[in-house]
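>>> Can you look at this prediction? I've put the sequence above it.
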Amino acid sequence: MRQTVIALATGILFGAGLAVSDMVNPARVLAFLDIFGSWDPALAFVMAGAIIPSAIAYSISNRLRQPLLDGRFFIPENRIIDRKLIAGATIFGAGWGLVGYCPGPAIAGIAFGDWQPIVFSAAMLAGMFLHRFSTDLIETRKSIA
Amino acid sequence: MTTPAPLDPLVALGGGLLIGLAAAVLLLFSGRIAGISGMVARATGIADTGIPRQQALAFVLGLPLGALIVGFWIRSPDIAVTTSVPLLIVAGLLVGYGTRMGNGCTSGHGVCGVSRLSPRSLAATASFMLAGFFVVAVARYMVVGA
């Protein structure tokens, strides 16, 4: 229960940060990605601002045996850069560049009553499901063969 | 495409600090990564990323709530986004598929992963940034024209 409260509180904080920094505005994100045009550095400042407390928290976590409300830290330990990672990130980046939405701003953006983040988010869920469906299919084929 | 009015770098930095604080609190209290694509996949039952589903759901619901609070008390954003349904659908499909395939997005890789200098996250962040730059360049200067 306490962890659910923390999850809700951090979700609210995260969404507030996205709104304060105008990352919920796809035009702002596209202006950052438009490096050959009138480049808008806002997203770089947002990333820098986010990395500071986050990096401090990681260095603290290294000295802790466990987090305050759980028995252990759940930090990915995989360090292998494979094709799947690069291909996935590239596909994601292409979709990001098309409209200017990544998952957080799309979900948070629903709050302002526009229909576009709803359509985008629905398609995003469909994309996630498609990925699961395709990997399930490959697994099934492997197990048959 | 209209270019938004410049944002005060300190406001951008402040918004970023809130995002980083959220990631910091979630890590130090629950030991979890604030990766939104993973949270969404878990909340909807599409993938099991390890975090209890109720927590993922609470986090995802918190995102629009936080945005709503800011919109209500501080400043309502002036959102400019395409009205093309096919474009929104194609972009959404790519973002959904790609973030699952690459195990993360701007938050999980770009903020949390870069913060701990994870080689995978650094590579993923470089990849989605380059892809984003490329797609915007093609869309603006080769398809639509400058």
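Okay, I see it. Numbers count the residues shown, from 1 in each chain, chains lettered A, B, ... in the order given.

>>> contacts and neighbour counts: CA atoms only from here.
Will do.

>>> measure the residue most central in space within chain B to chain A for me?
Nearest to the mean C-alpha position of chain B, by CA atoms, centre = their mean, lies residue B:106 at 4.6 Å. Residue B:106 sits 7 Å away from chain A, going by CA to the nearest CA, to the nearest Å.

>>> I figured that residue hits residue A:105, correct?
No - in this structure residue B:106 lies outside contact range of residue A:105 using CA atoms under 8 Å: 10.1 Å.

>>> Just give me the neighbour total for residue B:24.
Neighbour count for residue B:24, taken as other CA atoms under 10 Å in any protein chain shown: 29.

>>> Kindly report the same for residue A:44.
Under the neighbour criterion other CA under 10 Å, residue A:44 is assigned a count of 15.

>>> List the contacts of residue A:57.
When the contact criterion is CA atoms under 8 Å, 6 or more residues apart in numbering or on different chains, the partners of residue A:57 are B:24-25, B:27-28.

>>> In chain B, where is pLDDT below threshold?
Regions of chain B meeting the criterion pLDDT under 70 cover residues B:1-2, B:144-146.

>>> What are the boundaries of the helices in it?
Ranges of helices in chain B, per DSSP state H, are B:9-30, B:36-43, B:53-73, B:85-101, B:114-115, B:119-138.

>>> and the fourth one with helix B:36-43, angle?
Right, the one you point to is helix B:85-101. Per axes from the mean of the first three to the mean of the last three CA atoms, to 10 degrees, the angle that helix B:85-101 makes with helix B:36-43 is 90 degrees.

>>> which strands and helices sit next to helix B:85-101?
Judged by 3 or more CA pairs under 8 Å, 6 or more residues apart in numbering or on different chains; DSSP states H and E, the packing partners of helix B:85-101 are helix A:83-99, helix A:116-144, helix B:36-43.

>>> Can you list the neighbours in contact with that helix?
Outside of helix B:85-101, the residues within contact range by CA under 8 Å, 6+ apart are A:84-85, A:87-96, A:98-99, A:102-103, A:116, A:119-131, B:37-38, B:82, B:105.

>>> Next, count neighbours for residue B:37.
27.

>>> Residue B:72 too?
A count of nearby residues for residue B:72, using other CA under 10 Å, gives 11.

>>> go on, residue B:35?
Other residues near residue B:35 come to 23 when the count uses other CA under 10 Å.

>>> again with residue A:116
Neighbour tally, residue A:116, other CA under 10 Å: 21.

>>> now do the one 3 residues further on
Counted with other CA under 10 Å, the neighbours of residue A:119 add up to 17.

>>> pLDDT wise, what is it at?
Per-residue confidence (pLDDT) for residue A:119: 98.

>>> What count of nearby residues applies to the nearest residue to residue B:22 once chain neighbours are set aside?
On the basis of CA to CA, 6 or more residues apart in numbering or on different chains, the spatially nearest residue to residue B:22 that is not a chain neighbour turns out to be residue A:10, at 4.6 Å. Using other CA under 10 Å, residue A:10 is surrounded by 28 other residues.
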